[in-house]
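1. give me a model of this one.
(one chain, ligands or ions: 1)
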Amino acid sequence: MTDLLPPTPSSRRDFLRALSLGTGATLAGASALASPLEWLAPGRKLGVALVGLGNYSTGQLAPALRQTKFCQLAGVVTGSPAKAAQWQQQYGIAAKNCYDYKTFDRIIDNPAIDIVYVVLPNALHAEYVVRAAQAGKHVICEKPMATSVADARHMIAAMRKAGRKFSVGYRLHFEPHNQEMMRLGQGQAYGKINHLAADNGFQFNNGTPWRVNKKLSGGGPLMDMGIYCLQGCIYTKGQVPVSVTARFIPNPDPVLFNEVEAGVNWQLRFADGAVADCRTSYAENMPGRLRADAATGWFELEPAFGYGGLAGKTSDNSGKLNLPNINQQAAQLDDFARCVLQNQPTRVPGELGLRDVQLLEAIYRAAETGQSVATKDVVQLIDRTSMR
Ligand code: NAD
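-> Next up, the predicted model:
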C-alpha cells in the first residue's frame with residue numbers, strides 16, 4: 001500500500017513537476033492513485049498569479065479564485081504599486097508574490113506560483129506567455145489568444161518547449177448552457193444542422209481605449225466579442241468551416257473607430273452545405289445569441305455568452321436548456337488546476353486558440369477583399385465538453 005502514501009511536502013512539487021512533464025508514468029504506482037488531487041495538502045492549492053489587474057481580473061477572476069477548490073490567488077503582476085498594495089491587503093497576497101512588468105521574470109524562483117494567468121490587452125499576450133513559459137510556469141492566456149497566427153504559433157512552441165500546460169481563457173466551455181449546445185448539436189439531437197446564427201456586441205464607450213487601438217487590440221469587436229459567435233457556431237455544429245465571407249458594417253463614428261472596425265457581419269460555410277450567419281459590433285448593444293436550426297427542430301441560447309443569466313429554449317420545449325448558471329471562471333480555473341495536477345490535457349488548449357486566430361484572420365481578409373476565403377487549412381480541432 002505504500003504506493004498510496006501521499007508525498008512529503010518537499011517531494012510533492014517534484015512529483016507535480018514530473019507529472020506536468022509527462023514523466024509521471026515513471027513514478028511507481030502513480031496510476032494506482034484514486035486521484036492526485038487528494039495529495040493537495042490541507043490548505044494548499046495551486047497558486048495563480050494574475051498578470052494585469054484590469055476589469056476582468058478585478059471583477060471576475062479574483063472573485064472566482066475565492067471559490068475555486070484546487071487553486072487560489074497567490075500573486076499579481078501590475079505596473080501600479082498602489083494596486084499591488086491594495087491587492088495585497090484585499091486578498092492577503094504576500095509582498096514577495098507581487099511583481100511589476102520588469103521584475104516579472106523573477107517569478108521563476110517563486111514556488112508559490114504554479115500558474116500564470118495573462119489578462120493583458122491582446123497584443124501583449126504573446127510576450128507574457130513566452131516569458132511565463134521561460135519561467136517554467138503553467139499558463140492560461142485570455143482570449144483572443146494572440147493578435148496574429150505567427151504569435152499564436154510562437155506561444156504554443158514556447159509552452160511545448162517548457163513542458164508546461166497551456167490553455168486559453170475560454171470560460172464558456174465550462175458553462176452548462178453552452179456545453180448543452182455542444183451536446184445537442186454535435187450529437188445531432190435535432191438532426192443535421194442546416195443553419196446557425198450568432199450575434200454579440202455592445203455600445204463601446206471608450207472606457208478601455210486599448211480596445212480601439214489596433215496595435216494593442218489587433219482588431220475591434222470581432223477579436224473581442226465576435227470570437228464567441230465564431231466558436232459558438234463551430235462547437236454547436238461540430239465542424240470547422242471550409243470558407244468565410246464577410247462585410248464591415250458602415251462606420252457610425254470614424255473618429256472613435258479610426259483604427260478598428262465598428263462591426264462586421266460574416267458567414268461561415270461548412271463542408272455539408274450548412275451556413276452560419278454571425279454579427280458583432282461596438283456600435284450596437286446585443287443580448288448575445290446562439291441559435292441552431294436543424295432537420296427536426298431548433299435550439300437556442302439568449303443570452304448566450306455573458307457571465308450569468310444565460311437561458312435557452314428548444315423547439316419541442318424539452319427543457320434541455322433549462323440549466324443552472326454557475327461561476328464560469330471558477331469552473332474554468334479549477335478544471336485547469338485539475339489538468340495540471342492530474343497531467344490531463346485541457347479541453348481549451350493553445351491549439352484551439354490558434355484555430356480561432358486563424359479564422360479571425362480569415363474573416364478580416366474576407367471583409368477587406370470582399371472575396372470568399374478558404375479556411376480548410378486551419379487547425380481541425382473541435383471543442384468538446386470533456387477531454388476524458
Ligand atoms: P482592461 O483594460 O480592463 O485591463 C487591462 C490591464 O492591462 C490594465 O490593468 C492595464 O493597466 C494593463 N496594461 C498593461 N500594459 C498595458 C498597456 N500597454 N496598455 C494598456 N493596458 C495595459 O481590460 P480587460 O477587459 O480586463 O481585458 C484584458 C484581457 O482579458 C483582454 O485580452 C480581453 O479580451 C480579456 N477579457 C476576457 C473576458 C472573458 O470573458 N474571457 C472578459 C473581459 C476581458
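2. do I have it right that Lys69 meets Lys45?
-> Yes: in terms of CB atoms under 8 Å, Lys69 counts as a neighbour of Lys45; the distance is 7.3 Å. For glycine as for every other residue, the C-beta is placed from the backbone atoms N, C-alpha and C.
3. residues of the stretch 201-350 of the chain that sit close to the ligand?
-> Selection of the stretch 201-350 of the chain residues close to the ligand by CB under 6 Å from any ligand atom yields 208, 210, 216, 224.
4. now the buried members of the residues you listed.
-> 208, 216, 224 (16 or more other CB atoms under 10 Å).
5. who's in contact with Phe270?
-> In this structure, Phe270 makes contact with 237, 239, 241-242, 276, judged by CB atoms under 8 Å, 6 or more residues apart in numbering.
6. need the buried ones among the residues of the stretch 201-350 of the chain next to the ligand in a markdown table (columns: pLDDT).
-> Conversion of those to a markdown table gives the following (pLDDT from 0 to 100):
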| residue | pLDDT |
| --- | --- |
| Thr208 | 94 |
| Leu216 | 98 |
| Asp224 | 98 |
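7. tell me the one of those residues nearest Ala189?
-> Proximity of those to Ala189 (CB to CB) peaks at Asp224, which lies at 31.1 Å.
8. with just CA atoms, put the strand or helix carrying Arg160 into PDB.
-> Under the criterion DSSP states H and E, the helix or strand holding Arg160 is helix 149-162. The C-alpha trace of helix 149-162 is given here as PDB (Å, rounded to 0.1, in the frame of the first residue of the first chain):
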ATOM      1  CA  VAL A 149      -1.200  33.500 -36.300                       C
ATOM      2  CA  ALA A 150       2.500  33.900 -36.100                       C
ATOM      3  CA  ASP A 151       2.300  35.000 -32.400                       C
ATOM      4  CA  ALA A 152      -0.100  32.100 -31.600                       C
ATOM      5  CA  ARG A 153       2.300  29.600 -33.100                       C
ATOM      6  CA  HIS A 154       5.300  31.100 -31.200                       C
ATOM      7  CA  MET A 155       3.400  30.900 -27.900                       C
ATOM      8  CA  ILE A 156       2.500  27.300 -28.400                       C
ATOM      9  CA  ALA A 157       6.100  26.400 -29.300                       C
ATOM     10  CA  ALA A 158       7.400  28.200 -26.200                       C
ATOM     11  CA  MET A 159       4.900  26.400 -24.000                       C
ATOM     12  CA  ARG A 160       5.800  23.000 -25.600                       C
ATOM     13  CA  LYS A 161       9.500  23.700 -25.100                       C
ATOM     14  CA  ALA A 162       8.800  24.500 -21.400                       C
END
